[in-house]
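Q: Predicted model, plus sequence, below.
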Amino acid sequence: MRVIDAFLDALWLEHGASEHTLAAYRRDLNAWQQHLETHDESLLSPSSERFNAWLTSRREAGYQLRSNARVLSSLRSFYRWARANGHVTSDPLAEVRLPRVQPGLPNTLEEDEVERLLQAPALDTPLGVRDRTMLELLYACGLRVSELVGLTGDAVNLRQGVVRVRGKGDKDRLVPMGEEAADWLARYMKTARPALMQDPTRPALFPGRGDKAMTRQTFWHRIKAHAITAGISRPLSPHTLRHAFATHLLNHGANLRVVQLLLGHSDLSTTQIYTHVAQARLESLHAEHHPRG
């Protein structure tokens with residue numbers, strides 16, 4: 001529908017929304033539109049009762065509260081834009097309310113598990129050196145996987161020990177990488193990267209096929225394979241090392257606002273979830289080791 005395309009164009013032009021974010025909005029809007037069409041209603045004139053009925057059907061289909069809250073947020077953004085641009089006269093979902101979603105604690109790793117994961121890649125091949133370097137950089141800088149695979153050669157400054165990261169909303173930030181990650185990166189760029197690149201002038205720092213930047217999916221498969229080698233059986237997510245980065249910094253006394261800047265969070269409340277992770281870990285240690293735990 002053209003109005004959906006216009007809304008997504010506005011998100012991209014005015015807010016710098018990423019392709020991943022735009023795709024999520026499109027999925028939500030298309031699903032809502034398809035539901036409306038089966039009940040002879042229009043995207044621009046739905047009833048709040050119809051939305052509540054849709055939520056009920058989603059819950060019965062197994063969708064969790066967090067998923068439904070995300071869908072409602074997407075649709076509200078759309079109808080706010082539609083009202084501001086004269087497509088509707090009022091927000092049809094203004095009175096819809098969902099129970100508050102409690103933030104879940106992210107999966108993370110203990111420091112010894114991170115160490116085992118970092119040491120898992122075999123270093124006798126350029127691919128192994130590449131993977132080790134990517135894991136070291138991911139953990140040292142707290143990067144999102146998309147930020148890591150999107151790095152280019154000119155984003156790295158080994159002399160100053162920083163990496164320039166393009167985050168959400170195309171916002172750049174400088175992140176220190178630490179001596180260990182810098183050493184691995186220097187080794188990788190000197191030995192492994194030239195061996196992996198047919199054309200070393202191509203920009204991708206970590207190439208996949210055809211000298212193009214590795215995809216998030218490919219790197220995620222690599223992480224899972226290395227986790228098996230490291231004997232790590234707990235569930236992992238693409239953000240596991242990012243979560244570990246933040247949690248371990250706080251465990252060692254880092255300031256929350258510093259962690260916020262390093263992670264590239266625009267809102268401190270997003271970073272505060274890691275204080276709960278650190279607190280949960282302290283309570284677990286107390287219960288395990290204190291004689292009156």
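A: Looks like it came in fine.
Q: Show me the domain layout of this structure.
A: 2-84, 111-288 (automatic domain parsing).
Q: Could you check how far Arg166 is from His15?
A: 16 Å (CB to CB, to the nearest Å). (Each C-beta comes from the backbone N, C-alpha and C, glycine too.)
Q: follow-up on the earlier one: which one of the domains of the chain lies closest to Glu95?
A: Glu95 lies closest, by CB to CB, to one member of those: domain 2-84, at 5.7 Å.
Q: okay, now Thr56: neighbour count?
A: 11 (other CB atoms under 10 Å).
Q: helices and strands around the strand or helix carrying it, which ones?
A: Using DSSP states H and E, Thr56 sits within helix 48-60. Using 3 or more CB pairs under 8 Å, 6 or more residues apart in numbering; DSSP states H and E, the elements in contact with helix 48-60 are helix 19-38, helix 65-84.
Q: any chance of the domains of the chain in JSON lines, with distance to Glu95 too?
A: Converted to JSON lines, the domains of the chain look like this (distance: least, CB to CB, whole Å):
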{"stretch": "domain 2-84", "distance to Glu95": "6"}
{"stretch": "domain 111-288", "distance to Glu95": "25"}
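Q: picking up where we left off before, quick one: the helix holding Thr56 to helix 65-84, angle?
A: Per axes from the mean of the first three to the mean of the last three CA atoms, to 10 degrees, the angle that helix 48-60 makes with helix 65-84 is 150 degrees.
Q: what mean pLDDT does helix 48-60 have?
A: Confidence over helix 48-60 (mean pLDDT, whole number) is 83.
Q: buried stuff in that helix?
A: Neighbour counts using 16 or more other CB atoms under 10 Å place 51, 54-55, 58 of helix 48-60 among the buried residues.
Q: For stretch 142-151, output the C-alpha coordinates as PDB.
A: This file holds the C-alpha atoms of stretch 142-151, laid out as PDB (Å, rounded to 0.1, in the frame of the first residue of the first chain):
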ATOM      1  CA  GLY A 142      30.700  -4.000  23.200                       C
ATOM      2  CA  LEU A 143      29.600  -3.800  19.500                       C
ATOM      3  CA  ARG A 144      26.400  -5.000  18.000                       C
ATOM      4  CA  VAL A 145      27.000  -7.700  15.400                       C
ATOM      5  CA  SER A 146      25.800  -5.500  12.700                       C
ATOM      6  CA  GLU A 147      28.300  -2.800  13.700                       C
ATOM      7  CA  LEU A 148      31.100  -5.300  13.700                       C
ATOM      8  CA  VAL A 149      30.500  -6.800  10.300                       C
ATOM      9  CA  GLY A 150      29.900  -3.300   8.900                       C
ATOM     10  CA  LEU A 151      33.300  -2.000   9.900                       C
END
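Q: Provide the contact partners of that stretch at residue level.
A: Outside stretch 142-151, the residues that touch it by CB atoms under 8 Å, 6 or more residues apart in numbering are 18, 20, 134, 137-138, 163, 165-167, 175, 204-206, 213-216, 219-220, 238-239, 241-242, 245-246, 249, 259, 262-263.
Q: and if we set it to 6 Å?
A: 138, 165, 205, 213-214, 216, 219, 238, 242, 245-246, 262-263 (CB atoms under 6 Å, 6 or more residues apart in numbering).
Q: Need the worst-confidence member of these.
A: If you rank the contacts of stretch 142-151 by pLDDT, Pro238 sits at the bottom with 72.
Q: any idea how far Gln217 is from that one?
A: Separation of Pro238 from Gln217 (CB to CB): 9 Å.
Q: which of those two has more neighbours?
A: Neighbour totals were compared for Pro238 and Gln217, and Pro238 leads with 17 against 12 (other CB under 10 Å).
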